[in-house]
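Visitor: can't give you the sequence, but here's the structure:
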């Protein structure tokens, strides 16, 4: 079915039809009936051995398309790249990053990879017919600095003969990921499209080795909508990444701009309308909810300074709880609770 702006909100399968490879319940019962006597004999003799790794591998091979589809839905990959459209992966896309001559970091489906580990062009492998044509896309749906609905294009290779990426048409050179500080985890998605024929991508070509974020601003939905008559999504994988020190180098030395940084603005905590006579509530804790936190911290600091000598190291009492019990005799319950919190260093008294 064609993907259009009007059908964007609908649940449309834009990929290849899903072939049902799962074993039905009737097939399971037939296998059990056929092997029931043999299995019972092994159980009675205590000789039945089940390789759980083989069972897990068989289950994954049988249902992996549905599993990967659910993963993509869970992480919002289809939602943010194709609107309401989706597809079931038909090709196993294997991507990894070399971090040394011997070690590499694989890309699965949501695993964490540090930005510093993505400095090199990734290794990509998939098993397909050598006469087929493919397009490989790497995009970042969470990284755009100005438009939440836009993406940054990190890599785009088209008209790939078979699985030989080096012979494909380089439309956008690879750029290391750069999740901005204070913005949490970012998703980086690889999409593999199968082409029905050679496609003219002259309008999608970027300048060689461009580091312009304006030029790399991208939209997967629009890209696929332009070429959907001749290409079909067939595989995907993705990883997550958050800021590390290598991101600063990317901004300063590659993107030629200062590194942005974001801080989360916490909303003002909600408190119900203050009552004149709150029922069954410690009045000091109740009133603290409506005080400025700076005033509370100043009061706590003054209380702590009373027990600190400017020229002698502070020493904790040998039996603080026993001493507290003696000092609390005859005091009101709210003051006992306050002193107990100070002794245990909880709530506002926490260091």
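Guide: Sure thing, it's come through. Computed from a predicted model, the values in this text were never measured in an experiment. Residues are numbered from 1 along each chain as shown.

Visitor: Using the three-state scheme, assign the residue at minimal distance from the centre of the chain.
Guide: Most central in the chain under C-alpha atoms, centre = their mean is residue 240, positioned 4.5 Å from the mean C-alpha point. Recorded secondary structure, residue 240: strand (DSSP: H, G, I helix; E, B strand; the rest coil).

Visitor: same check, this time on the one 3 residues further on
Guide: Under the three-state scheme (three-state DSSP), residue 243 adopts coil.

Visitor: Report the contact partners of it.
Guide: Applying C-beta atoms under 8 Å, 6 or more residues apart in numbering, we find residue 243 in contact with 115, 179, 180, 181, 182, 183. Using the backbone N, CA and C atoms, a C-beta is placed for each residue, glycine as well.

Visitor: one more time with 7 Å
Guide: Applying C-beta atoms under 7 Å, 6 or more residues apart in numbering, we find residue 243 in contact with 179, 180, 181.

Visitor: Closest to residue 195 out of the residues you listed?
Guide: The closest of the contacts of residue 243 to residue 195 turns out to be residue 179 (C-beta to C-beta; 31.0 Å).

Visitor: Not counting its neighbours along the chain, what's nearest the closest one?
Guide: residue 186 (4.1 Å; C-beta to C-beta, 6 or more residues apart in numbering).

Visitor: show me the contacts for the one you found.
Guide: Residue 186 neighbours (C-beta under 7 Å, 6+ apart): 140, 142, 143, 179, 240, 241, 242.

Visitor: give me that answer again for 6 Å
Guide: 142, 143, 179, 241 (C-beta atoms under 6 Å, 6 or more residues apart in numbering).

Visitor: what do you get for residue 167?
Guide: Contacts of residue 167 (C-beta under 6 Å, 6+ apart): residue 161.

Visitor: how near is it to residue 341?
Guide: From residue 167 across to residue 341, the span is 69 Å (C-beta to C-beta, to the nearest Å).

Visitor: What of residue 164?
Guide: Relative to residue 341, residue 164 is positioned 68 Å away (C-beta to C-beta).

Visitor: The two - which one has more neighbours?
Guide: residue 341 (15 against 10; other C-beta atoms under 10 Å).

Visitor: Residue 348 is in contact with that one, correct?
Guide: No: counting by C-beta atoms under 6 Å, residue 341 stays clear of residue 348, with 7.7 Å between them.

Visitor: returning to that earlier point: can you name the residues bridging to the residue nearest to residue 179?
Guide: Per DSSP bridges, the residues bridged to residue 186 are residue 241.

Visitor: Let me see the contact set for residue 15.
Guide: Each residue near residue 15 by C-beta under 6 Å, 6+ apart is listed here: 87, 88, 233.

Visitor: Just those: which are in strands?
Guide: Counting by DSSP state E, the contacts of residue 15 place residue 233 in strands.

Visitor: Tabulate the contacts of residue 15 (JSON lines), appending distance to residue 254 and pLDDT.
Guide: Below are the contacts of residue 15 laid out as JSON lines (distance: C-beta to C-beta, whole Å; pLDDT from 0 to 100):
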{"residue": "87", "distance to residue 254": "33", "pLDDT": "95"}
{"residue": "88", "distance to residue 254": "36", "pLDDT": "94"}
{"residue": "233", "distance to residue 254": "29", "pLDDT": "97"}
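
Visitor: Neighbour count and distance to residue 69 for the contacts of residue 15 - can I get that in JSON lines?
Guide: Formatted as JSON lines, the contacts of residue 15 follow (neighbours: other C-beta atoms under 10 Å; distance: C-beta to C-beta, whole Å):
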{"residue": "87", "neighbour count": "24", "distance to residue 69": "8"}
{"residue": "88", "neighbour count": "18", "distance to residue 69": "5"}
{"residue": "233", "neighbour count": "27", "distance to residue 69": "12"}
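
Visitor: now that we have the contacts of residue 186, which one has the most neighbours?
Guide: Greatest neighbour count in the contacts of residue 186, by other C-beta under 10 Å, goes to residue 241: 24 neighbours.

Visitor: distance of the residue nearest to residue 185 when sequence neighbours are not counted from residue 186?
Guide: Excluding its sequence neighbours, the residue lying closest to residue 185 (C-beta to C-beta, 6+ apart) is residue 240, at 4.5 Å. Distance, residue 240 to residue 186, by C-beta to C-beta: 7 Å.
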